[in-house]
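Undergrad: need a 3D model of the following:
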Amino acid sequence: MTIRIGKISLWHVHAWDYIRQTEQHEETVLAAVWDENAERGKEAAERLDVPFFPELGTMLAQDDLQAVIVDAPTRLHREVIVAAAKAGKHIFTEKVLAPTLAETNEILAAVREHGVKLTVSLPRLNEGYTLKTLGILQQGLLGKITHVRVRLSHNGAIGEWLPEHFYSLEDCLGGALIDLGCHPMYLAKLFIGEEVTGVQANFGYVTGKEVEDNAVVTLFTESGAIGVVEAGFVNSHSPFTLEIHGTEGSLLYGTPEAKLLIRTNNGPEAYREWTEIPLPERKESAFNQWISHILNDTQAVDNVDMAVELTRLMEASNISAKEGRKISLHELQA
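TA: Residues are numbered from 1 along each chain as shown. Next up is the predicted model:
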């Protein structure tokens, strides 16, 4: 079976990455393009030698399209994803699924009603360091987890290589946090291993954009464990960094080498000193997992659950930064 896929917008910087994955997968083909920016969409369609559809509804009405990839502006996610679901198209989308919990719930209701397969691109869930870290935590080698810190930052704003529309508050509904910060946010939530009850966010505007280019969010839990999420567009040499600390030990990655290090009072004697742990191979990509769900009639349950939690944390963080206070997750309107 060949799955014919329509492209919904090339707004996001990763749009062509997903097109390449479509071209590389033996059971998928990119077959159509729609873009809210007609000029950009026509150029992409010509490059790909596929039809360009000026109207999204017309593309979604094509019976020979089974699925879509969404790289539209964040503000359009609810609109285009709900339309795709109602048209019976399976959906792969760039994060975030939606900027608010209420919009996310609208999307999920449409997905359930029309029986389509939804997967959100949360790629760092599939990396070897994530898989190994989860295994260590499940073994209890660090004791009770007390602190998780995840940092991801690049120089997109000062190096001027991010597209200008990434600084549009209207389109993006945020800056460094809602874009790059998604990855440390879902990883921090995953590794902290319990419900996050509240958040406190602080945003910086180093380059004077209308969206933040520097962000820190603190995650709070009932147990007292704390998560720290850091993201930015204004750092030239900031490695992706992961720290997990517990009552019995600590785990480090990217300080600064891409190595996973452990030191703990639990487990093998060798771990009494800092020890490098080999990493497993990464899991298949989120895109390939999506195609497998379509072909095998399965659901990306864990992926979607994490996408919902990511939206909750992002919405609460944006409110916190705007209002200058700690936000309880229970304040959000579903």
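Undergrad: how far away is the residue of the chain most remote from its centre from Leu252?
TA: In the chain, the residue that sits farthest from the middle, by CA atoms, centre = their mean, is Glu269; the gap is 37.0 Å. The spacing between Glu269 and Leu252, counted by CB to CB, to the nearest Å, is 20 Å. For every residue, glycine as well, the C-beta is placed using N, CA and C.
Undergrad: cool, Ile3 as well?
TA: 41 Å.
Undergrad: again, but for Val211
TA: Distance from Val211 to Leu252, by CB to CB: 31 Å.
Undergrad: more neighbours: these two, which one.
TA: Val211 (24 against 18; other CB atoms under 10 Å).
Undergrad: which secondary structure state is assigned to the nearest residue to the more buried one once chain neighbours are set aside?
TA: Nearest non-adjacent residue to Val211, counting by CB to CB, 6 or more residues apart in numbering: Gly175, 2.9 Å away. Under the three-state scheme (DSSP: H, G, I helix; E, B strand; the rest coil), Gly175 adopts coil.
Undergrad: what's the local residue count around Gly175?
TA: Gly175: 30 neighbours (other CB under 10 Å).
Undergrad: surely His293 and Val301 touch.
TA: No: the criterion here is CB atoms under 8 Å, and His293 misses it with Val301 at 9.8 Å.
Undergrad: what about these two, which has more around it?
TA: His293 (19 against 9).
Undergrad: and the more buried one, what helix or strand is that in?
TA: Assigned by DSSP states H and E, His293 falls within helix 286-296.
Undergrad: buried residues of that helix, list them for me.
TA: 286-291, 293-294 (16 or more other CB atoms under 10 Å).
Undergrad: and which of these is nearest to Glu170?
TA: Closest approach between these and Glu170, by CB to CB: Ala286, at 27.3 Å.
Undergrad: all strands for the stretch 1-150 of the chain, in order.
TA: All strands of the stretch 1-150 of the chain, identified by DSSP state E, counting those that start in this stretch, fall at 3-8, 28-34, 67-70, 90-94, 118-121, 145-153.
Undergrad: which among those is found nearest to Met314?
TA: Using CB to CB, these put strand 118-121 closest to Met314, at 12.5 Å.
Undergrad: pLDDT on that closest one, on average?
TA: In this model, strand 118-121 has an average pLDDT of 98.
Undergrad: what lies in contact with the helix holding His293?
TA: Contacting residues not belonging to helix 286-296 are listed as 1, 3, 18, 21-22, 25, 27-28, 66-67, 90, 92, 117, 119-123, 125-126, 283-284, 298-300, 303 [CB atoms under 8 Å, 6 or more residues apart in numbering].
Undergrad: now the buried members of the residues you listed.
TA: Buried, going by 16+ other CB under 10 Å: 3, 18, 21-22, 25, 28, 66-67, 90, 92, 117, 119-123, 125-126, 300, 303, out of these.
Undergrad: list the contacts of the closest residue to Val70 other than its chain neighbours.
TA: Closest residue in space to Val70, ignoring its immediate chain neighbours: Thr93 at 3.9 Å, by CB to CB, 6+ apart. Thr93 is in contact with 69-71, 77, 81, 118-121, counting by CB under 8 Å, 6+ apart.
Undergrad: could you measure from Thr93 over to Glu27?
TA: For Thr93, the distance to Glu27 equals 20 Å [CB to CB].
Undergrad: what sits against Ala85?
TA: 91, 107, 110-111, 113-114, 116, 118.
Undergrad: which one of the residues you listed sits closest to Leu329?
TA: Ile107 (19.2 Å).
Undergrad: run through the residues that contact the closest one.
TA: Per CB under 8 Å, 6+ apart, neighbours of Ile107: 77-78, 81-82, 85, 97-98, 118.
Undergrad: at 7 Å instead, please
TA: 78, 81-82, 97-98 (CB atoms under 7 Å, 6 or more residues apart in numbering).
Undergrad: what is the neighbour count of the spatially closest residue to it that is not a sequence neighbour?
TA: In space, and not counting its chain neighbours, Ile107 is closest to Ile81: 5.1 Å by CB to CB, 6+ apart. A count of nearby residues for Ile81, using other CB under 10 Å, gives 28.
Undergrad: appreciated, that's everything.
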